[in-house]
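Student: The sequence and its predicted three-dimensional model are supplied below.
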Amino acid sequence: MPLDADRPAVEAARRDPLRFETLYRKYVAQVYSFALYETRAHHAAEDVTEQVFLQALRGLPSFDDRGLDEGSTFRAWLFQICRNVLANERRRVRRHPQVPMDLAFDVPAADDPAATVAARDEAARAWRVIETLPGDRRQALTLRFVDEMSAREIGEVLGRSEGAVRVLIHRALRAVADELGGERT
């Protein structure tokens, strides 16, 4: 069985927690990106990312390197932690709703304001559709197209087989396309 590509860094971090920085630097942008797509708020994504890496550092001694044909089981494990932290964050937000202040300051400069508005409307419409998908479909799309994970890695994160992930992604894309096509008419 092939070993996790991150095994040397994981072993070094197990011996000396200060060496965890290598893993942090390698994955912080990916974890943050996934959290941002899920939370839609920069500060919430930063908080989630921080929690993920703190939990990963604490849980590193119990991490089980099972090996993959490609990719990293550490990466999949990290995204499983992220998925759990996001679920906890969603529960917290449902109990204590807040309005994100980031929306008030999100006004990028553009040469053609009409094109900017049209592109922003199109993206917002697509995200509204994606946000209505069941959680596993939405997360599969984000992991595949934002974090560029393979079906096997997504399967590790979601606890599904590689084939089931491919079906999940296909059905999610079909649902989004059908809904966007239906909105245009």
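Tutor: Okay, I see it.
Student: Could you chop the protein up by domain?
Tutor: The chain breaks down into these domains under automatic domain parsing: 1-104, 107-185.
Student: need those in TSV with mean pLDDT and mean neighbour count, can you?
Tutor: C-beta here means a position set from N, CA and C on the backbone, and glycine is covered the same way. TSV is the format used below for those (pLDDT from 0 to 100; neighbours: other C-beta atoms under 10 Å):
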stretch	mean pLDDT	mean neighbour count
domain 1-104	85	16
domain 107-185	83	15
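Student: Give me the most central residue, this structure.
Tutor: Phe34 (2.4 Å; C-alpha atoms, centre = their mean).
Student: Quick check: which element contains it?
Tutor: Element membership for Phe34, per DSSP states H and E: helix 21-39.
Student: by contact count, what packs against that helix?
Tutor: With contacts taken as 3 or more C-beta pairs under 8 Å, 6 or more residues apart in numbering; DSSP states H and E, helix 21-39 sits against helix 7-15, helix 42-59, helix 73-95, helix 135-145.
Student: Quick one: work out the angle between that helix and helix 135-145.
Tutor: Put simply, helix 21-39 runs at 130 degrees to helix 135-145, going by axes from the mean of the first three to the mean of the last three C-alpha atoms, to 10 degrees.
Student: Quick one: work out the angle between helix 21-39 and helix 42-59.
Tutor: Going by the same axes, to 10 degrees, helix 21-39 makes 140 degrees with helix 42-59.
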